[in-house]
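Novice: Let me see the structure of the following:
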Amino acid sequence: MCFAELVASIPVHEYAQINEAMMDFHDKCVKRGTVALYIDLVGYYCKQTASNYEKHAPFYTANVLRHMNSDDSATVDKVVHCLAAIFARLPKENQFALVPLIRDAIESIAVAPVDEHLGAQVYRKKVKAIGMLETKEGVKTLAGVIQNSIMHGSLRIRVDSAYCFKYLIDFASPAAIKTEVIKICGALIRVVNDKFPPELKIQIFLSLRIMLVKAAAMVRAMVAQLQTTFLKAFGDPQSNETVRQVVVENLLLLIKMTPKADPIVKELTSQLDGDKSDGEQKVAVSQALALIIREKGKALQEAISKQTYSVLTSIVEDRRQTLNDRVLVNCSMALGFLSAYSSDPAQMTELFHAYDGGPDDYRISLGVKLGVLMNGSAKIPAAESLEQEAASHIARLLSTLSGIVEVDGRDISEGRPDEEIFRFDGALDALGHIMNTFLRRLCPSTSSQSKSVFKAVTDSGILQKLNGEEDFSAMSEVYR
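Specialist: Next up, the predicted model:
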């Protein structure tokens with residue numbers, strides 16, 4: 001402490017010598033394993049000096065942050081107090097430059113990439129928690145700087161801030177973050193509702209997702225604001241497909257916190273029925289609607305159920321030529337899910353057979369049949385028989401309308417008008433969408449529904465035919 005007092009008392013005009021002395025002291029402490037002394041020095045100096053240390057604040061911050069997860073709890077406490085001292089005398093605009101350092105420090109200590117193709121959105125946790133983030137003061141110290149930066153910084157700084165908030169929520173203990181959750185949530189909502197690009201929005205929505213998983217009870221007061229934010233994101237021109245998929249997952253977490261999903265279902269139905277959202281936006285809207293009906297359909301008011309049924313029926317029967325195929329299949333699945341809550345179980349059987357018409361109905365027939373079988377009802381009449389019928393239907397479609405010339409002997413897209421609307425290249429493509437979006441989420445691989453679908457694909461012989469092909473170039477259109 002004597003050395004710290006001496007350094008803090010050196011006149012301002014000799015600041016260069018002060019910094020040289022502190023850098024030298026840092027190097028010696030690292031070599032001797034006494035970094036706690038360096039942390040004490042920096043903290044005391046920043047509190048007591050009359051010098052302007054803004055220029056070297058990043059150097060001090062980076063050195064101290066390296067020890068935010070020290071095995072020694074006393075050292076972690078020193079880190080918290082030292083960082084608070086560094087930040088306290090810095091103007092807010094000078095704190096922006098420290099956010100990338102916070103992100104780098106956390107990623108170095110706690111984050112490992114999983115796969116380069118998955119990007120930074122998916123990571124492996126090298127540690128369960130970070131020592132500094134297991135204390136209220138530690139969370140508060142970092143949250144203040146990050147919040148200021150995400151509200152007022154440049155785009156690059158805002159993106160780094162969003163990453164930092166995501167990590168802060170993920171690596172903090174629930175008790176430590178409790179007092180900061182509402183403030184963090186509010187800041188994230190304000191920024192994500194503004195006109196920023198997807199690279200920022202996705203990190204904010206991922207932060208909110210972790211918050212809903214880890215601190216659901218703490219953000220209950222923000223449910224209404226979160227609901228509005230998530231629903232607005234579907235029609236946001238600044239959102240892309242990746243952002244909208246994260247929003248779907250967030251909505252599914254949010255509805256678990258609400259006794260009724262009527263307002264959400266009503267708004268999703270309205271977006272699906274209206275013209276303000278484009279085809280790609282309606283893919284996410286219809287997916288969210290289908291999964292929420294599956295989860296909360298029993299609690300829907302009768303008026304909302306009827307309205308939703310009317311819109312879904314209108315889409316699959318009257319708007320096939322104008323809507324994206326993914327939307328059509330999602331709406332077909334939603335009809336199947338909604339049938340679970342009909343007063344007469346026989347209506348499920350009626351819906352199951354309702355769209356067995358012409359050959360161009362494979363999108364709808366696959367959706368309603370598998371939707372009925374996957375709707376979770378224990379009252380499906382003759383469920384085993386319907387599963388067998390569905391399996392035969394799938395096998396037949398894959399043999400005749402697979403979308404692969406080597407299997408069908410014809411190009412299913414031949415004569416299709418040039419249009420921007422997405423179309424499935426056959427039943428295999430449509431079935432793949434159902435399996436990826438609904439089956440793997442709702443039905444374990446050991447379930448009767450999954451086994452039935454797997455068996456149908458096998459019985460169709462399509463895999464054997466494809467395996468026998470020497471040239472797979474014909475599949476490039478199906479799996480583009």
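Novice: Mind pulling up the pLDDT for the residue nearest in space to the middle of the chain?
Specialist: In the chain, the centroid-proximal residue (C-alpha atoms, centre = their mean) is V246; its distance is 3.1 Å. Per-residue pLDDT puts V246 at 95.
Novice: Thought I204 was touching it, still the case?
Specialist: No. Using C-beta atoms under 8 Å, V246 is not in contact with I204, being 9.5 Å away. In this view, the C-beta of every residue, glycine as well, is placed from N, C-alpha and C.
Novice: quick one on the thing from earlier: for the residue nearest to the centre of the chain, give me its contacts.
Specialist: 202, 205-206, 209 (C-beta atoms under 8 Å, 6 or more residues apart in numbering).
Novice: which pair in those spans the largest distance?
Specialist: Between any two of the contacts of V246, the greatest separation by C-beta to C-beta is 10.2 Å, found for I202 and R209.
Novice: quick one: which of the two has more around it?
Specialist: With neighbours defined as other C-beta atoms under 10 Å, I202 and R209 compare such that I202 has more, 24 against 19.
Novice: just the strands in the stretch 151-300 of the chain please.
Specialist: Counting by DSSP state E, counting those that start in this stretch, one finds no strands in the stretch 151-300 of the chain.
Novice: Go through the contacts of V246 and say which is closest to L401.
Specialist: I202 (36.1 Å).
Novice: which residues does the closest one contact?
Specialist: I202 neighbours (C-beta under 8 Å, 6+ apart): 121, 242-243, 246.
Novice: now S154
Specialist: Applying C-beta under 8 Å, 6+ apart, the residues near S154 are F96.
Novice: repeat that for 10 Å
Specialist: 96, 160 (C-beta atoms under 10 Å, 6 or more residues apart in numbering).
Novice: Quick one: classify L90 as helix, strand or coil.
Specialist: Secondary structure, DSSP: H, G, I helix; E, B strand; the rest coil: L90 is coil.
Novice: Same question for the one 5 residues further on.
Specialist: Classification of Q95 into helix, strand or coil gives helix, according to three-state DSSP.
Novice: Between V246 and I204, which contacts overlap?
Specialist: Common neighbours of V246 and I204 (C-beta under 10 Å, 6+ apart) are A233.
Novice: quick one on the thing from earlier: which residues do I202 and R209 both contact?
Specialist: By C-beta under 10 Å, 6+ apart, the residues touching both I202 and R209 are 246-247.
Novice: Show the model's pLDDT score for the closest residue to A175 other than its chain neighbours.
Specialist: Closest residue to A175 apart from its sequence neighbours, by C-beta to C-beta, 6 or more residues apart in numbering: K136 at 7.5 Å. We have a pLDDT of 95 for K136.
Novice: same check, this time on D459
Specialist: On the pLDDT scale, D459 gets 87.
Novice: for P11, same thing?
Specialist: 55.
Novice: Show me where the chain dips below the pLDDT cut-off.
Specialist: Within the chain, the stretches with pLDDT under 70 are 1-19, 116-120, 357-360, 404-419, 468-480.
Novice: switch to 80 and redo it
Specialist: 1-24, 50-51, 115-121, 277-279, 357-360, 402-421, 463-480 (pLDDT under 80).
Novice: what about the residue nearest to L101 when sequence neighbours are not counted, distance to V42?
Specialist: Among residues not flanking L101 along the chain, A62 sits closest, at 5.0 Å (C-beta to C-beta, 6+ apart). According to C-beta to C-beta, to the nearest Å, A62 and V42 sit 11 Å apart.
Novice: who's more crowded, the two?
Specialist: A direct count of neighbours by other C-beta under 10 Å for A62 and V42 places V42 higher, at 29 against 15.
Novice: ok, and for the one helix or strand that one maps to, which residues are buried?
Specialist: V42 is located in helix 35-48, with elements delineated by DSSP states H and E. By neighbour count on 16 or more other C-beta atoms under 10 Å, the buried set for helix 35-48 is 35-47.
Novice: Which pair in these has the greatest spatial separation?
Specialist: V35 and K47 (18.8 Å).
Novice: can you tell me the helix or strand for S445?
Specialist: Short version, using DSSP H and E: S445 is in no helix or strand.
Novice: Hmm, F454 and it touching each other?
Specialist: Yes. Using C-beta atoms under 10 Å, S445 is in contact with F454, at 8.0 Å.
Novice: which neighbours do those two share?
Specialist: L439.
Novice: quick one, strands of the stretch 1-150 of the chain?
Specialist: Using DSSP E, counting those that start in this stretch, strands in the stretch 1-150 of the chain cover 111-113, 123-125.
Novice: And G461, its phi and psi?
Specialist: Note on G461: its backbone torsions stand at phi 80, psi 0 [degrees, to the nearest 10].
Novice: for N240, that is, sorry about that
Specialist: According to degrees, to the nearest 10, N240 has phi -110, psi -170.
Novice: quick one, what contacts it?
Specialist: Applying C-beta under 10 Å, 6+ apart, the residues near N240 are 197-199, 201-202, 280.
Novice: Closest one to F96 out of these, please.
Specialist: Nearest member of the contacts of N240 to F96, counting by C-beta to C-beta, is E199, at 17.5 Å.
Novice: What is the burial count for the nearest residue to the closest one once chain neighbours are set aside?
Specialist: Spatially, and ignoring its direct neighbours in sequence, E199 is nearest to V159 (5.8 Å; C-beta to C-beta, 6+ apart). Number of residues near V159 (other C-beta under 10 Å) recorded here: 23.
Novice: And V159, how far from P113?
Specialist: 17 Å.
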